[in-house]
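A.B. asks: Okay, sequence plus prediction incoming.
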Amino acid sequence: MDGSSSSPRGSEVRIGHSLNKDEEAFVARRRNTVLQCLQRLQIYRDDEANFVGGGQRAMPGVPNIALLGSGGGQRAMVGLLGSLVQLDKAGLLDCILYLSGVSGSTWCMASLYQEPDWSTKLDTMKDKIIKRLSGPVVSFTEAFKKLEKYYNKHFFSLTDVWAVLTVTEYVKEINEHTLTEEWNHDSKDPFPIYTLIDKQCRQQGHGDPWFEISPYEAGYSVTGAFVDTCNFGSQFDNGSKKNHQDGLDMLYLQALCGSALAESEDIKKFNWQQIKDFGKCLGTNNEVGHNSSAVDKQCQVLTDLANMNLCVLNGEDPSDLDQSIRTTLNGLQIRYSIYQSMNDWGKNYNFLYNITDKTVPSAVLESETRDYEDAGLLLNSPYFSVLRKERDIDLIISLDFSDGDPFVTVREAAEMCKKLNIPFPEVNIPTEDVKKPKDFYVYKGQNAPSVIHIPLFNVVNCGGKLRLTS
């Protein structure tokens with residue numbers, strides 16, 4: 001359905017499956033790069049029957065190739081970087097049309113896309129990123145100032161705390177650019193797609209959980225409901241923007257995409273221990289820029305909040321700590337907001353609120369806010385961002401950096417696609433390969449994209465030292 005025919009009149013929300021016009025224009029340019037790359041490698045084939053949608057294209061026979069990076073924390077971040085470097089050395093990087101990531105892979109993407117045309121100078125970018133990751137962590141002064149900035153947003157949630165206290169420990173920077181600022185319309189790089197899920201849809205088991213954010217649009221991949229990325233997070237009513245909020249910066253986006261462990265009890269304990277340690281360090285740090293009395297109170301509240309939540313998670317009575325917080329607060333609302341929002345992750349205004357459209361699941365229309373979280377909680381690879389029919393993908397290269405079962409992402413993607421009637425090749429996995437996976441697998445299907453699945457841990461990479469646990 002074309003977006004213009006179903007969006008409310010005057011709407012800033014687009015309901016429809018067609019691609020954003022700017023994305024279409026980029027794809028047309030990028031396909032010239034793909035064509036030249038294939039010709040250099042002498043693997044260009046002018047046979048449109050080999051590809052899913054070649055007959056409808058300006059350049060039939062040129063495949064649309066998507067590269068997927070799975071989740072896996074810092075391992076995925078470094079793994080995706082290394083994989084891209086190897087593709088570049090093999091002369092294959094320019095074949096990639098789309099680059100999409102989940103969780104830790106988005107941390108790598110955010111680092112790369114800070115530099116315009118990074119794919120033309122990848123060795124330099126690799127050295128720069130590795131040097132940063134090997135360097136010092138973000139100072140507590142910078143972290144505290146960033147946390148205060150996040151507090152001034154309309155919604156303050158644990159995603160903000162996660163961004164400042166956890167994500168910065170891995171990425172070693174505070175990236176305050178927005179996704180639209182990082183993107184150049186004439187970029188020579190693959191088109192980036194960051195993926196997450198709608199928490200309520202995941203928990204309720206209906207609606208459309210698959211959510212994507214590109215430099216141009218953010219929205220529900222399967223349903224086809226989008227808003228300009230610069231407006232994602234703003235308040236909407238019946239498709240019209242009522243209250244503008246500044247675009248999400250890249251540190252927050254990395255936290256939003258990389259919060260897969262947020263619902264784990266162990267990680268909750270870890271997160272609150274981080275907050276506790278942060279409070280202690282603030283108490284001994286003279287760079288924060290507040291008077292010592294205020295800092296002492298802030299640190300006391302922050303430490304009490306962390307201890308209170310650790311008590312709850314450990315099944316202990318937190319009432320004494322609760323009273324201490326109330327006694328000490330005296331207007332220190334940022335600390336109390338952390339306490340109040342300790343169960344909120346990725347809360348943002350719902351741009352579909354009050355829209356009347358039968359093509360959109362009612363589950364995502366009725367609430368003024370939605371919570372978004374790491375797609376790894378449902379599927380640890382961003383298949384649904386590139387399976388949109390209009391993206392017309394012929395080949396998916398799946399880089400899997402997960403631990404445990406090396407086939408879980410591709411197998412679950414096949415099962416989910418079957419339920420949703422989305423074309424996907426049949427995935428057959430030899431029993432003996434589950435514990436000893438090969439270095440790559442190719443799955444083909446009729447009228448479906450081919451999938452090359454590449455587990456990081458395999459018999460070629462690891463040799464006789466490979467040990468996989470379920």
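C.D. replies: Everything's here; your move.

A.B. asks: per-domain residue ranges of the chain.
C.D. replies: Segmentation of the chain into domains, based on automatic domain parsing, reads 3-135+172-251+350-402, 140-171+263-340.

A.B. asks: Going by mean pLDDT, which of those domains comes out lowest?
C.D. replies: For the domains of the chain, the stretch scoring lowest in mean pLDDT is domain 140-171+263-340; its value is a mean of 67.

A.B. asks: for residue 15, phi and psi?
C.D. replies: Note on residue 15: backbone dihedrals following degrees, to the nearest 10 are phi -100, psi 120.

A.B. asks: That one and residue 358, how far apart?
C.D. replies: Taken as C-beta to C-beta, to the nearest Å, the spacing of residue 15 relative to residue 358 amounts to 10 Å. Backbone N, C-alpha and C define where each C-beta goes, glycine included.

A.B. asks: So between these two, which is more surrounded?
C.D. replies: With other C-beta atoms under 10 Å as the criterion, residue 15 and residue 358 differ in neighbour count, and residue 15 comes out ahead with 25 against 7.

A.B. asks: Who is that one paired with across the strands?
C.D. replies: With DSSP bridges as the criterion, the beta-bridge partners of residue 15 are residue 225.

A.B. asks: Hmm, it is touching residue 219, no?
C.D. replies: No - applying C-beta atoms under 8 Å as the test, residue 15 and residue 219 come out as separate, 9.3 Å apart.

A.B. asks: Name the residues contacting each of the two.
C.D. replies: Any residue near both residue 15 and residue 219 by C-beta atoms under 8 Å, 6 or more residues apart in numbering counts here, and that gives residue 225.

A.B. asks: can you give me the helices in the stretch 51-200 of the chain?
C.D. replies: Counting by DSSP state H, counting those that start in this stretch, the segments of the stretch 51-200 of the chain that form helices are 73-89, 104-112, 122-133, 140-151, 158-162, 168-171, 179-182, 199-204.

A.B. asks: Could you pull up phi and psi at the nearest residue to residue 35 once chain neighbours are set aside?
C.D. replies: Nearest residue to residue 35 in three dimensions, chain neighbours excluded: residue 62, at 5.0 Å (C-beta to C-beta, 6 or more residues apart in numbering). The main-chain torsion angles of residue 62 are listed as degrees, to the nearest 10 and equal phi -90, psi 110.

A.B. asks: Near residue 62, how many other residues are there?
C.D. replies: 25.

A.B. asks: And it, how far from residue 177?
C.D. replies: Spatial separation of residue 62 from residue 177 under the definition C-beta to C-beta is 32 Å.

A.B. asks: Likewise for residue 347?
C.D. replies: Relative to residue 177, and taking C-beta to C-beta, residue 347 is found at 22 Å.

A.B. asks: what do you get for residue 399?
C.D. replies: To residue 177, residue 399 is 25 Å away according to C-beta to C-beta.

A.B. asks: what do you get for residue 420?
C.D. replies: To residue 177, residue 420 is 34 Å away according to C-beta to C-beta.

A.B. asks: Counting neighbours, go ahead and name the busier of the two.
C.D. replies: The neighbour comparison of residue 420 against residue 177 (other C-beta under 10 Å) goes to residue 177, with 16 against 13.

A.B. asks: Would you check that the more buried one makes contact with residue 250?
C.D. replies: Yes - at 5.4 Å, residue 177 and residue 250 qualify as touching, with contact defined as C-beta under 8 Å.

A.B. asks: Mind listing the shared neighbours of the two?
C.D. replies: With C-beta under 8 Å, 6+ apart as the test, residue 177 and residue 250 both reach residue 114.

A.B. asks: all strands of this structure, in order?
C.D. replies: Ranges of strands within the chain are 13-15, 65-69, 98-101, 191-198, 210-213, 217-220, 225-228, 235-237, 240-243, 347-349, 369-374, 395-400, 441-443, 450-455, based on DSSP state E.

A.B. asks: how about those in JSON lines, adding distance to residue 149?
C.D. replies: As requested, those are exported to JSON lines (distance: least, C-beta to C-beta, whole Å):
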{"stretch": "strand 13-15", "distance to residue 149": "28"}
{"stretch": "strand 65-69", "distance to residue 149": "29"}
{"stretch": "strand 98-101", "distance to residue 149": "25"}
{"stretch": "strand 191-198", "distance to residue 149": "21"}
{"stretch": "strand 210-213", "distance to residue 149": "20"}
{"stretch": "strand 217-220", "distance to residue 149": "21"}
{"stretch": "strand 225-228", "distance to residue 149": "23"}
{"stretch": "strand 235-237", "distance to residue 149": "20"}
{"stretch": "strand 240-243", "distance to residue 149": "19"}
{"stretch": "strand 347-349", "distance to residue 149": "16"}
{"stretch": "strand 369-374", "distance to residue 149": "20"}
{"stretch": "strand 395-400", "distance to residue 149": "34"}
{"stretch": "strand 441-443", "distance to residue 149": "45"}
{"stretch": "strand 450-455", "distance to residue 149": "39"}
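
A.B. asks: Let me know whether residue 142 touches residue 174 as I believe.
C.D. replies: Yes - in this structure, residue 142 sits in contact with residue 174. The criterion is C-beta under 8 Å, and the distance is 6.0 Å.

A.B. asks: The two: who's more crowded?
C.D. replies: For residue 142 and residue 174, the more surrounded residue by other C-beta under 10 Å is residue 174, and the numbers stand at 19 against 15.

A.B. asks: Quick check: the gap between the more buried one and residue 226.
C.D. replies: Taking C-beta to C-beta as the measure, residue 174 and residue 226 are separated by 28 Å.

A.B. asks: Now render the domains of the chain as JSON lines, adding distance to residue 432.
C.D. replies: Compiled in JSON lines, the domains of the chain are given as follows (distance: least, C-beta to C-beta, whole Å):
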{"stretch": "domain 3-135+172-251+350-402", "distance to residue 432": "18"}
{"stretch": "domain 140-171+263-340", "distance to residue 432": "32"}
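
A.B. asks: out of the ones you listed, which comes closest to residue 431?
C.D. replies: Comparing these by their distance to residue 431 (C-beta to C-beta), the top pick is domain 3-135+172-251+350-402, with 18.8 Å.

A.B. asks: give the contact list for the residue positioned nearest the centre of the chain.
C.D. replies: Per C-alpha atoms, centre = their mean, the C-alpha nearest to the average position across the chain is that of residue 257, at 3.2 Å. Contacts of residue 257 were listed using C-beta under 8 Å, 6+ apart, and they are 101, 102, 103, 106, 194, 195, 196, 374, 375.

A.B. asks: Alright, I will stop here.
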